[in-house]
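Asker: Fold the following and give me the result.
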Amino acid sequence: MQLPPHQFHIPVMGLAYTIDSPVKVAHFGITSAISIIEDNLVEMMRKYYYEQKNEPYIAISDKEEDYRARRITDYLNLVNRMVNEKFTKLKLSLFEPGSDLVKYFEMLPENHELKNAYHSMLKATNKVTRETISQFLRSQMSPGSIEVNIMTKVDKNNYAKDGTLMKDSSDALSALKGYAKSNLTNSSVIFSAGLNPRLYSYLEKFSGFDAKGWGKFDKKVVIKVSDYRSALIQGKFLAKKGVWVSEFRIESGLNCGGHAFATEGLLLGPILEEFKRKKYELINSLFEVYKPAVEAQGKKTYQMPHPIKLTVQGGIGTHEEDDFLHQHYDMDSTGWGSPFLLCTEATTVDKKTLQLLCDAGEKDVVLSKNSPLGVRFNYLKGTSSEEEKLERIKKGLPGSPCTEKYLVSNTEFTKEPICTASRQYQKFKIKELETSDLPEKERQKQIDEVLNKECLCIGLSNAASLEYDVPLVKRLHSVTVCPGPNIVNFKKVVTLREMVDHIYGRSNSLIDENRPHMFIRELRLYVDHIQEQVNECFAPAPKTVRHLTNFCKNLITGIGYYRDLTAPTNPGKSRDAFEKSLNLEENRLTHILEDILAISN
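Answerer: Predicted structure coming up:
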């Protein structure tokens, strides 16, 4: 099986930030993911790129049947066509200094077989030999995959004009349908945020997810998980449907961008160790369920399980960390997200937000409660979205106009679900809290939490609208950005070549050498998280006490695991700093356990 060009990928970021990343990087062999849930943004990008290509743009109105899926299908087909055109042009270019063809091979990792062949071509003095190698190199090139991401929890039902529920037309199902009907091949759909039975069952309807041969799928299924148990449960659910999971994308619970799904104190290192130890047990367990399910459907089966890739993302910042994840944990690929926000050749970020990201300090990226989904959310302070939100509060008009309605879920005050960031909900909720008999401190705390909620549908989409000067929603221009904490270590806008060289250790000028190791950063985030929970606890129930205690004990177990690791950092001074940090966090946890004991008595 041919090796992919690169050992890293660019994960989905927000809605807009990677909306067209494949157009920018896939022809260089780099894989990236598009969020397809916001179809108005997708439609905006359709219009933009058709006009860029001087081709007729035919709008797909939201009054038309199945418009969401159709918008998504056409945009993905358009992206696929643009990637193939750029890749073909690149392959036909010359091996001359500064060409994209040279850039393609120079960016490859040093241990890639094609990199060795490329160096042999450069050294060749015989013209025939050089031409023979150059033709071989061109024949072995491949573009990066075009992946799509669907957040499983964003799955609002949609209704016809007469009020009847439209079949298979919820937000997530429509997005999946749009992807399934696209002409993408060697592609993947990534499911994030947990198991959605309705969505997962819908996969059965599309033959594009069936195996075309052993290990061969036009459209692969990838599940983003935070631990081994989640992978086993979700993988078996799909296997029973005759759907094979080709990749489990393991993400740090807290040291990541966007929504953060904390584990029960299980740290990334021990989680990866369990995946490494149980990989073949996982594959065989899924195959035992998958094979009879496929046979029952009358489809072709295979005697061996299809391969499963294990990949990881969340807080990676140095070549040494990246290499350790590959070498020690046998990871097939690593996800580099937030640092690529500063690479305009790969992502789409408006200029004001780009400067904010460059200037971000430790206190500027917070694990907020700003998401209407009720899930913690890594958030950059000082954005135009936050400024607009605070200005509305100051004027006595809290809440956002709810135009997109993807995150509507609350029915406290209305029959139809509404968004907790909306003006309508916040007006009702604040009035209820102001007339409640809660203690003043608790009342204000709850009011502040209501006011913190922020419109993400528009905020996470507007970067592309501003950068390309194409209005998404009239008069709404604010931007929200949700980088991981790792962004504070990257301080300047970089080229694609500079970022790739950093990842592969060919240069190391992008970050401060005093940056904590990714494992230490995650550990601190978890200790801060449990400390916050304990601080907010008053007379907790026994079940809560057990949860808090087990959380701390899992973290202490994780610290013990890190102490036994052979080389999570460079030897010498950095290893000493690693050990010192482990001791500091263990001491903090000891005090937190004492606090838990005190509040439980």
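Asker: what's near enough to touch V289?
Answerer: Taking Cβ atoms under 8 Å, 6 or more residues apart in numbering, we find V289 in contact with K236, A239, K240. C-beta: built from backbone N, CA, C; applies to glycine.
Asker: Which one of those sits in the busiest neighbourhood?
Answerer: A239 (21 neighbours; other Cβ atoms under 10 Å).
Asker: what about H328, helix or strand, and which?
Answerer: Per DSSP states H and E, H328 falls inside helix 319-329.
Asker: cool, I190 as well?
Answerer: Assigned by DSSP H and E, I190 falls in strand 187-192.
Asker: So L238 sits against F248, correct?
Answerer: No: assessed by Cβ atoms under 8 Å, L238 is found out of contact with F248, at 11.4 Å.
Asker: low-confidence ranges in the protein?
Answerer: Residues of the chain that meet the criterion pLDDT under 70 lie in 1, 567, 569-573.
Asker: returning to what we had before: which residues are common contacts for L238 and F248?
Answerer: Shared contacts of L238 and F248 (Cβ under 8 Å, 6+ apart): I223.
Asker: then the helix or strand that L433 is a member of to PDB, C-alphas only?
Answerer: Secondary-structure assignment from DSSP H and E places L433 in helix 423-434. Provided in PDB are the C-alpha atoms of helix 423-434 (Å, rounded to 0.1, in the frame of the first residue of the first chain):
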ATOM      1  CA  ARG A 423     -32.100  37.400  22.400                       C
ATOM      2  CA  GLN A 424     -35.400  35.600  22.900                       C
ATOM      3  CA  TYR A 425     -34.000  33.000  25.300                       C
ATOM      4  CA  GLN A 426     -31.900  35.400  27.300                       C
ATOM      5  CA  LYS A 427     -34.700  37.900  27.800                       C
ATOM      6  CA  PHE A 428     -36.900  35.100  29.300                       C
ATOM      7  CA  LYS A 429     -34.200  33.500  31.400                       C
ATOM      8  CA  ILE A 430     -32.800  36.700  32.900                       C
ATOM      9  CA  LYS A 431     -36.300  37.800  33.900                       C
ATOM     10  CA  GLU A 432     -36.900  34.400  35.500                       C
ATOM     11  CA  LEU A 433     -33.600  34.600  37.500                       C
ATOM     12  CA  GLU A 434     -34.200  38.200  38.600                       C
END
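Asker: buried stuff in that helix?
Answerer: Applying a neighbour-count criterion of 16 or more other Cβ atoms under 10 Å, one finds R423, Q424, Y425, Q426, F428, K429, I430, L433 buried in helix 423-434.
Asker: Nearest spatial neighbour of the fourth one, chain-adjacent residues omitted?
Answerer: This points to Q426. G399 (3.7 Å; Cβ to Cβ, 6 or more residues apart in numbering).
Asker: got a list of what that neighbour touches?
Answerer: R392, A421, S422, R423, Q424, Y425, Q426, K427, K453.
Asker: Among these, which one lies nearest to V12?
Answerer: Top of the list for closeness to V12, among these and by Cβ to Cβ, is A421 at 21.0 Å.
Asker: quick one: the closest one and L456 touch, right?
Answerer: Yes: the pair A421 / L456 is scored as a contact, 7.4 Å apart, by Cβ under 8 Å.
Asker: And for S574, the neighbour number?
Answerer: 16.
Asker: That one looks like it's in a helix, true?
Answerer: Yes: counting by DSSP: H, G, I helix; E, B strand; the rest coil, S574 falls inside a helix.
Asker: OK, contacts around it?
Answerer: H517.
Asker: And what about H306, helix, strand or coil?
Answerer: Three-state call for H306 (three-state DSSP): coil.
Asker: go on, K389?
Answerer: Going by three-state DSSP: K389 is helix.
Asker: What are the boundaries of the helices in the stretch 351-500 of the chain?
Answerer: According to DSSP state H, counting those that start in this stretch, the stretch 351-500 of the chain carries its helices in the segments 351-359, 384-394, 423-434, 440-452, 456-459, 462-467, 496-503.
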